[in-house]
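Colleague: how would this look folded up:
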Amino acid sequence: MPTPTALRSEIPTSTAPELSLVVPIFNEQESVCPLIERVLDAMTSYPGAWELILVDDGSTDATIVNAKSYLGRDGLDLKIVALQRNFGQTAAMQAGIDTARGRLIATLDGDLQNDPKDIPMLVAELERRELDLLVGWRKNRQDGLMLRKIPSWIANRLIGRITGVRLHDYGCSLKIYRTSVIKQVKLMGEMHRFIPAWVAGVVPSSRIGEMAVTHHARQFGTSKYGISRTFRVILDLLSVMFFMRYRARPGHFFGSLGLGLGALAVVIMAYLFIEKFILGNDIGTRPLLMVCVVLSLSSLQFITTGILAEMIARLYYRDDRTPNYIVSKTFTSDET
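Modeller: Next up is the predicted model:
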């Protein structure tokens, strides 16, 4: 959800790295060490300075212990942000973005399914096309057909149709952002899969692109998601649609519903007035009278809800500095 630039944007200093790699991890003790090794191997061809930010989302295994073994390693600017508990992937990603100091930010999953070797190519493509967001497209996705590919295909088509940002793969975590843009967006709930839609609220959709990337099958552990995610995506999509169209004017949404129901109630009321006082028919036992009463009350309720929503929206835009995560401790290479 876009927030005021003055509250969210942070201009990197001259000593900041050129690129920040943000990786949310949760119970990935087998994957975290191979992940760091792959990042080191992939970034040897990157010409600028870079940093790696691992955000531990309340892991209960040896994920942090294994990651800390790389602190102080030559050629690796590593920072480990340990959250106090499990806040979810969206909050972990937001914590990493808030910590990042680079002019560009790359995000990827910690389960080794994204290939870090694609990052230098994505950065070069983003600069060449002068984009603000470049999204990875898992063209040859290495996941199950029924539980992952088909639901994902349906969700991507539906999201693109509703949000107007047409992409093949909304769910790919491998993305490259301009820091000045993504720090104007606050991620809430489980909205990380709708990041291109939120970014489209800050910059034109023409500055959002995609590029085919490599996708590997999961090597360790099990997926943190199942078929139940489809239902959450539908609910989140409804929220995205509301915020994209009525974020700054929620009273128009609720007010329109209230006025529509009120107009219908007036029509029914006029009909019943004619029946009672002109034609002399009894209307006391007619269900239509009860329908008219319910519509009138519903109309009043929607209108008052719209007024309250407008007041809340004003407060939201006036002060929105509260993070949706709590950092327990941060480990850096300088401490070793």
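Colleague: Which stretches in this protein count as strands?
Modeller: All strands of the chain, identified by DSSP state E, fall at 19-25, 50-56, 78-83, 104-107, 133-137, 175-178, 208-212, 327-332.
Colleague: Export these to a markdown table and append columns for mean neighbour count, mean pLDDT and distance to His252.
Modeller: C-beta here means a position set from N, CA and C on the backbone, and glycine is covered the same way. Listed next are the strands of the chain as a markdown table, based on neighbours: other CB atoms under 10 Å; pLDDT from 0 to 100; distance: least, CB to CB, whole Å:
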| stretch | mean neighbour count | mean pLDDT | distance to His252 |
| --- | --- | --- | --- |
| strand 19-25 | 26 | 97 | 36 |
| strand 50-56 | 25 | 97 | 37 |
| strand 78-83 | 22 | 96 | 37 |
| strand 104-107 | 26 | 97 | 34 |
| strand 133-137 | 26 | 94 | 28 |
| strand 175-178 | 25 | 96 | 31 |
| strand 208-212 | 19 | 94 | 26 |
| strand 327-332 | 14 | 88 | 38 |
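Colleague: closest one to Ala92 among these?
Modeller: strand 19-25 (3.6 Å; CB to CB).
Colleague: what helices or strands is that closest one leaning on?
Modeller: If you count contacts as 3 or more CB pairs under 8 Å, 6 or more residues apart in numbering; DSSP states H and E, strand 19-25 packs onto helix 32-42, strand 50-56, helix 89-99, strand 104-107, helix 118-129.
Colleague: closest one to Val240 among these?
Modeller: Nearest of the helices and strands packed on strand 19-25 to Val240, taken as CB to CB: helix 89-99 at 12.8 Å.
Colleague: thinking again about what came up before, would you mind giving the helices and strands packed on strand 19-25 as a markdown table with distance to His215 added?
Modeller: Shown next, in a markdown table, are those (distance: least, CB to CB, whole Å):
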| stretch | distance to His215 |
| --- | --- |
| helix 32-42 | 14 |
| strand 50-56 | 21 |
| helix 89-99 | 18 |
| strand 104-107 | 15 |
| helix 118-129 | 10 |
